[in-house]
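Student: predicted model follows, preceded by the sequence.
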Amino acid sequence: MAQKIRVGVVGVGYLGRFHAQKYAAMDDVSLVGVVDTDLARATLIAEETCTQAFTDYTALAGKVDAVSIVTPTKCHFQVGRFFLENNIDVMMEKPITKTLEEADTLVALAEEKGCILQVGLLERFNPGFRAAEQRLSLPIFIEAKRLGTFNMRGTDVDVALDLMIHDLDIILSIIKSPVTSVCAVGAPVLTPLNDIINAHLIFANGCTANITASRVSNIVERKMSIYQPGECLTVDFGSRQCYSTQYIERENEVFPYPQQVKYVRSTPGDSIQLELLDFIRCVKERCQPTVTGSQGRESLAIALEVVAAVEKSNVTILENLKKVGIHSLPSFLHALPKREGSD
């Protein structure tokens, strides 16, 4: 019997808990331990997955071959560097880091040490997207919406790094052409960082992408429409399905008409499960993961460009707010009248 891959999970909040559960169920993996600064939380997840609980991630050194890092983004660089320096393969949740300098350091360190560095942009493993990927020919326009209701989880970073980065990563993976223009507008609504953004990207090959991400919506929607000659592919990331609308010419008609929308067959699967199986495969076979550290770095780079574009466009908004005594976008919340009673 082949030796099991020894794995640890650092950070077992909402998402980290899933990582621990998935690893614990894998036949070729030994979940050595879970780490969380909250001992009660670490103990709870350790009991669920029949492993050890730790509060200090350095305790895993020498005990594991690979780790999932599912901590707040501000900790990614420090934790990731520790494990890479100790020759331990890393599955880093998105975004890879908060800055490009940190990302460059981790990518270079992984290469120097010969370690796997995978970034957790799990929508690449979504069955709906994988079905669409097989039908792509020449994308010329992409429209993406990723809307969610407010949740404090992930609000340590801008919505571009929290949610939009998934769509940016997918678009970069299918266009494979440099971004030549980034325009964006957005605003902080409930946090000091941007909670809603609309971005417009133009690529060197002429493709255009219009992307909206919101964590303050009253609906939940995760869809992407990819237009290519004669066809529109729509991926519903929530239902993990893909639909194709094809266009045909009709006799005596100037413009083509859409055919009936057709379901594109996909292979069912759990995105997190597929992502972690990909990571373990790479640890075993010493091959590149589906989402490399370098690709995670490139997605971060465009996300940060989007944030910078929003800041530039917000200058005008701030100038107008200052005229009514509001000196920062989030501070308008304190200026709103307080509601009394209930409807």
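Tutor: Received it, and whenever you're ready, just let me know what you need.

Student: per-residue pLDDT of the nearest residue to Asp38 once chain neighbours are set aside, please?
Tutor: Among residues not flanking Asp38 along the chain, Thr55 sits closest, at 7.9 Å (CB to CB, 6 or more residues apart in numbering). Quick note: C-beta positions are derived from backbone N, CA and C, even for glycine. Looking at Thr55, its pLDDT reads 98.

Student: before we move on, what about Lys338?
Tutor: Lys338 carries a pLDDT value of 45.

Student: equivalent analysis for Ile226, please.
Tutor: pLDDT, Ile226: 98.

Student: contacts only, for it.
Tutor: Taking CB atoms under 8 Å, 6 or more residues apart in numbering as the criterion, Ile226 is in contact with Ala132, Leu136, Pro139, Phe141, Ile142, Ile174, Cys232, Leu233, Thr234, Val235.

Student: try Val90
Tutor: Taking CB under 8 Å, 6+ apart, we find Val90 in contact with Ala66, Val67, Ile69, Gly80, Phe83, Leu84, Leu106, Ala110, Cys115, Ile116, Leu117, Gln118.

Student: check which residues of the host helix or strand of it are buried.
Tutor: Using DSSP states H and E, the element containing Val90 is strand 89-93. Residues of strand 89-93 classed as buried: Asp89, Val90, Met91, Met92, Glu93 (neighbour count, 16 or more other CB atoms under 10 Å).

Student: what do you get for stretch 232-246?
Tutor: Under 16+ other CB under 10 Å, the buried positions of stretch 232-246 are Cys232, Leu233, Thr234, Val235, Asp236, Phe237, Arg240, Gln241, Cys242, Tyr243, Ser244, Thr245.

Student: quick check, nearest of the contacts of Ile226 to Phe150?
Tutor: Phe150 lies nearest to Val235 out of the contacts of Ile226, by CB to CB, at 24.4 Å.

Student: flag the shaky bits of the chain, pLDDT-wise.
Tutor: Residue ranges of the chain with pLDDT under 70: 1-2, 253-258, 260, 317, 326-343.

Student: where along it do the helices fall?
Tutor: For the chain, the helices defined by DSSP state H cover 14-24, 39-49, 76-85, 100-113, 127-133, 159, 165-175, 271-285, 293-322, 332-335.

Student: for those helices, give me TSV that also has mean neighbour count and distance to Ala204.
Tutor: As requested, those are exported to TSV (neighbours: other CB atoms under 10 Å; distance: least, CB to CB, whole Å):
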stretch	mean neighbour count	distance to Ala204
helix 14-24	21	35
helix 39-49	17	46
helix 76-85	21	30
helix 100-113	17	21
helix 127-133	22	21
helix 159	30	26
helix 165-175	23	9
helix 271-285	19	29
helix 293-322	18	14
helix 332-335	12	39
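
Student: nearest to Glu249, of the ones you listed?
Tutor: Closest approach to Glu249 among the helices of the chain is made by helix 127-133 (24.1 Å; CB to CB).

Student: list the helices and strands the closest one packs on?
Tutor: Packed against helix 127-133 by the contact rule (3 or more CB pairs under 8 Å, 6 or more residues apart in numbering; DSSP states H and E) you find strand 231-236, strand 241-248.

Student: for Pro127, find the nearest of those.
Tutor: Among the helices and strands packed on helix 127-133, strand 241-248 sits nearest to Pro127 (CB to CB), with 7.7 Å.
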